[in-house]
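Asks: build me a structure from this.
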Amino acid sequence: MNVEFINPFLESIIKVLATMANTEAIPGKPFLKSDKSAKGDVTGVIGLTGDKARGSLAITFTEPAVLHIISQMLGEEIKVVDGEVADGVGEITNMVTGGAKKILSEKGYIFSMAIPTTIIGKNHSISHQTNGRIVCIPFETAAGSFFVEVCLEE
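Replies: Sure, this is the predicted structure:
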């Protein structure tokens, strides 16, 4: 996978969480993911299609991280993963993809975005839109971890 595809998503997630949830997200070392198992408990997935590349993005949050982030976004304490949390994760996924899409368009990659879907539950699977390599980037926050998966192929 072209490394040009990864950094826009990293930049975007850091900016979205800092702006919308007053949360610092510190990226870890990226790795190639070989299975479909989610590393978190709540996942937002969105498809991307373009003339030069296609694929998908998944952001999977551990329960402590997502409860903190959504609480920060809404300005009230959220204690359980429910429909409101799912909606928040869908919105984060949409904002991150929109930000990355803008950066990628400046590099000549034009994408259309699908509507994000959200998956809730322990030990769920993530299906990406292509058979390309899945690059997974772990992140840490003060409240817990989350993972960004980018699967794009030219």
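Asks: out of everything not next to it in sequence, what's closest to the spatially most central residue of the chain?
Replies: By Cα atoms, centre = their mean, the chain has its centre lying nearest to residue 59, at 2.6 Å. With sequence-adjacent residues excluded and distances taken as Cβ to Cβ, 6 or more residues apart in numbering, residue 59 is closest to residue 44, at 5.0 Å. Where you see a C-beta, it was placed from the backbone N, CA and C, and this is true even at glycine.
Asks: any idea what the residue nearest to the centre of the chain is bridged to?
Replies: The partner list for residue 59 in beta bridges (DSSP bridges) reads residue 44, residue 148.
Asks: mind listing what it touches?
Replies: Residue 59 makes contact with 13, 43-44, 89, 92-93, 96, 146-149 under the criterion Cβ atoms under 8 Å, 6 or more residues apart in numbering.
Asks: filter these to the buried ones?
Replies: The neighbour-count test (16 or more other Cβ atoms under 10 Å) applied to the contacts of residue 59 identifies 13, 43-44, 89, 92-93, 96, 146-149 as buried.
Asks: can you list contacts of the least confident helix or strand in the chain by mean pLDDT?
Replies: With mean pLDDT, DSSP states H and E as the measure, the helix or strand of the chain carrying the lowest mean pLDDT is strand 111-113 (a mean of 90). Surrounding strand 111-113, the residues in contact under the criterion Cβ under 8 Å, 6+ apart are 46-50, 53, 94, 97-98, 101, 104-105.
Asks: buried residues in it, which are they?
Replies: Neighbour count says strand 111-113 has 111, 113 buried, by 16+ other Cβ under 10 Å.
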